[in-house]
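>>> A predicted structure for the sequence below; I have some questions about it.
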Amino acid sequence: MKKVLITSNQDKLKEFKTCIPDIEAKSGKDLKEVQGTAREVAIYKALEADVGSVVEDTILTVKGEEIVDIRWKLNSIPTATPALWTTTLAWNCGDEIKLFTGIVEGFIDKDKDVPEAFGFDGVFIVKGTGKTLYELGKKKHTKKNSARKQAALLLKAEKPAEVIKVSDIPKWTGNYQNEN
């Protein structure tokens with residue numbers, strides 16, 4: 001079955017094309033995100049997407065808590081806080097949703113914040129590098145430094161971390177992120 005990575009975020013689209021040049025990726029509609037775990041966000045975004053679509057969700061885990069709506073909470077994370085950057089790709093195969101996950105360890109350093117950096121790239125220091133994702137530049141796109149590349153490589157190899165039957169997924173009855 002065909003796989004087309006869809007994202008409404010142009011920065012993520014460029015990053016995926018840099019990480020995995022031969023992955024088919026294109027701009028798509030902004031999908032609603034449930035107020036749930038990272039797994040739930042990925043699953044329900046995939047359900048909303050067309051069959052064959054691959055959707056992406058990125059979170060930070062800080063002090064054991066998944067922060068799925070990171071762009072609204074990044075300012076509340078103190079400097080020197082250990083964090084995990086997790087990217088989950090969810091592939092809608094029609095009767096199944098397949099999940100592919102990449103994880104990078106690091107910590108937050110707001111003293112290095114770069115205003116023009118994308119997302120948390122200006123404050124997330126990859127463990128063992130001493131550099132933020134932004135400072136790593138092209139070295140950011142290596143398997144060691146990029147949760148997106150890790151997840152995309154697993155997708156390309158069709159090695160999911162989890163496969164969920166669509167018939168086993170309950171209708172979402174909870175809230176959505178940033179709902180008024």
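Nice, thanks for sending it over. Computed from a predicted structure; not experimentally measured.
>>> Buried residues in stretch 17-24, which are they?
When burial is assessed from 16 or more other CB atoms under 10 Å, stretch 17-24 yields the following buried residues: 19-20, 23. Quick note: C-beta positions are derived from backbone N, CA and C, even for glycine.
>>> all helices for the protein, in order.
Listed in chain order, the helices of the chain (DSSP state H) span 10-19, 38-48, 70-73, 133-136, 147-156.
>>> out of those helices, nearest to Gly174?
Between Gly174 and the helices of the chain, the shortest gap by CB to CB is with helix 38-48, which sits at 8.5 Å.
>>> I'd like the distance between the residue nearest the centre of the chain and Ile67.
Among the residues of the chain, the one closest to the centroid is Thr58, at 2.4 Å (CA atoms, centre = their mean). From Thr58 across to Ile67, the span is 10 Å (CB to CB, to the nearest Å).
>>> and which of the buried residues of stretch 17-24 is nearest to Lys110?
Among the buried residues of stretch 17-24, and counting by CB to CB, the member closest to Lys110 is Cys19, at 26.0 Å.
>>> Low-confidence ranges, this protein, go.
Residue ranges of the chain with pLDDT under 70: 180.
>>> Give the burial count for Phe107, as a bare number.
17 (other CB atoms under 10 Å).
>>> Look up which residues are beta-bridged to it.
Beta-bridge partners for Phe107, by DSSP bridges, are Pro82, Ile125.
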